[in-house]
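Colleague: What follows is a protein structure lacking sequence information:
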């Protein structure tokens, strides 16, 4: 089975992080945008005509909960503000085309809201995939599972021969991690969020969060049962927690890996799936 090769993904993420600090302003015949409306963070990624990152931006926000848009106007304003800032940084009049993503299996519940947010911000929406499937645009998993652990939900997509054969989503994620930390350390939820994001605290908080990670593992086990899974790939901001992959691998018995910076994998995959035809 072997270790998952994240070379392509990690190079793309590394370039994205660089252009977030210093956008590439060379003119492109078309720009492809990916908008990731996360529970804890909204990310917008811009690729050029060669599908290379040229700019990006992210902002922590509370406009989505458990994978559902709960502050429509607030979400539109954030995406619109990001769009205007990126256009200014790139020195272009308008970013036109964008793709978005939703938690697996929620298209009938909230897919329309996500699309409406992105359109209201001024984009033409060309793609709306589930988040783990979007992530595979840069991971290139053939036979395995991609688990996207976001702020509110854990999304699972199972791939066979590079094609999706099963998707699922359940409401456990980084928000629950923060609630546990808030209780354990007697912090406010907001302070617990900040405490969790600091990598220097990860060694200390991992034992405290282990029961929640094991609950995520149980969710994964339930959904991969009966499928031939060579490996599990972790993406999403919550997976930035150092050591989370070791707990999940021990609990599932499946080799579990994550890219260098799992927070930006799904946004990049969303952007890679962007086209020029409105859906």
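Modeller: Right, received. Where do you want to start? Values in this document were obtained by computation on a predicted structure and should not be read as measured data.

Colleague: Sheet partners, orientation included, of the worst-scoring helix or strand of the chain on mean pLDDT?
Modeller: Lowest on mean pLDDT, DSSP states H and E among the helices and strands of the chain sits strand 64-65, with a mean of 80. Partner strands and pairing direction for strand 64-65 (DSSP bridges) are strand 68-69 (antiparallel).

Colleague: and the next element down the chain from the strand it pairs with?
Modeller: helix 72-90 (DSSP states H and E).

Colleague: The following helix or strand past that next one: partners in the sheet, and parallel or antiparallel?
Modeller: Of the helices and strands lying after helix 72-90 in sequence (DSSP H and E), the nearest is strand 97-102. With DSSP bridges as the test, strand 97-102 is paired with strand 32-37 (parallel), strand 124-130 (parallel).

Colleague: any idea which of the ones you listed is most buried?
Modeller: The highest average neighbour count among the strands paired with strand 97-102, using mean count of other C-beta atoms under 10 Å, belongs to strand 32-37 at a mean of 28. C-beta: built from backbone N, CA, C; applies to glycine.

Colleague: what comes up buried for the helix of greatest length in the chain?
Modeller: Longest helix of the chain, by residue count under DSSP state H: helix 202-224. By neighbour count on 16 or more other C-beta atoms under 10 Å, the buried set for helix 202-224 is 202, 205-206, 209, 212-213, 216-217, 219-220, 223-224.

Colleague: List the contacts of it.
Modeller: 145, 147, 149, 154, 156, 158, 166, 168, 170, 172-173, 176-177, 180-181, 184, 195-196, 232, 241-244, 247-248, 251-252, 254 (C-beta atoms under 8 Å, 6 or more residues apart in numbering).

Colleague: I'd like the list of the residues you listed that fall within strands, please.
Modeller: 145, 147, 149, 154, 156, 158, 166, 168, 170, 232 (DSSP state E).

Colleague: could I get the residues you listed as a markdown table with pLDDT and neighbour count?
Modeller: Shown next, in a markdown table, are the ones in strands among the contacts of helix 202-224 (pLDDT from 0 to 100; neighbours: other C-beta atoms under 10 Å):
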| residue | pLDDT | neighbour count |
| --- | --- | --- |
| 145 | 96 | 25 |
| 147 | 95 | 31 |
| 149 | 94 | 29 |
| 154 | 91 | 28 |
| 156 | 93 | 25 |
| 158 | 95 | 24 |
| 166 | 94 | 16 |
| 168 | 90 | 21 |
| 170 | 89 | 21 |
| 232 | 97 | 25 |
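
Colleague: Out of those, which two sit at the greatest distance?
Modeller: Across the ones in strands among the contacts of helix 202-224, no pair lies farther apart than 149 and 166, at 17.3 Å, counting by C-beta to C-beta.

Colleague: between the strands paired with strand 97-102, which gets nearest to residue 138?
Modeller: strand 32-37 (10.5 Å).

Colleague: what does that closest one rub up against?
Modeller: Contacts of strand 32-37 (C-beta under 8 Å, 6+ apart): 42-48, 51, 63-64, 69, 75, 79, 83, 95, 97-101, 114, 117-118, 121, 123, 131, 134, 266-275.

Colleague: List only buried entries from those.
Modeller: 42-48, 63-64, 69, 75, 79, 83, 95, 97-101, 114, 117-118, 121, 123, 131, 134, 266-274.

Colleague: Pull up the per-residue confidence for residue 109.
Modeller: What the model reports as pLDDT for residue 109 is 56.

Colleague: scratch that, residue 150 is what I was asking about
Modeller: You'll see residue 150 listed with a pLDDT of 88.

Colleague: Name all residues that make contact with it.
Modeller: 38-40, 67, 103, 131, 173-174, 236-238.

Colleague: Start and end of stretch 223-237, how far apart?
Modeller: For stretch 223-237, the separation between the terminal residues is 21 Å (C-alpha to C-alpha, to the nearest Å).

Colleague: Report the buried residues of that stretch.
Modeller: Here stretch 223-237 shows 223-224, 229, 231-237 as buried, counting by 16+ other C-beta under 10 Å.

Colleague: Can you pick out the most distant pair from the residues you listed?
Modeller: Once C-beta to C-beta is applied, those give 229 and 237 as the farthest pair, at 23.2 Å.
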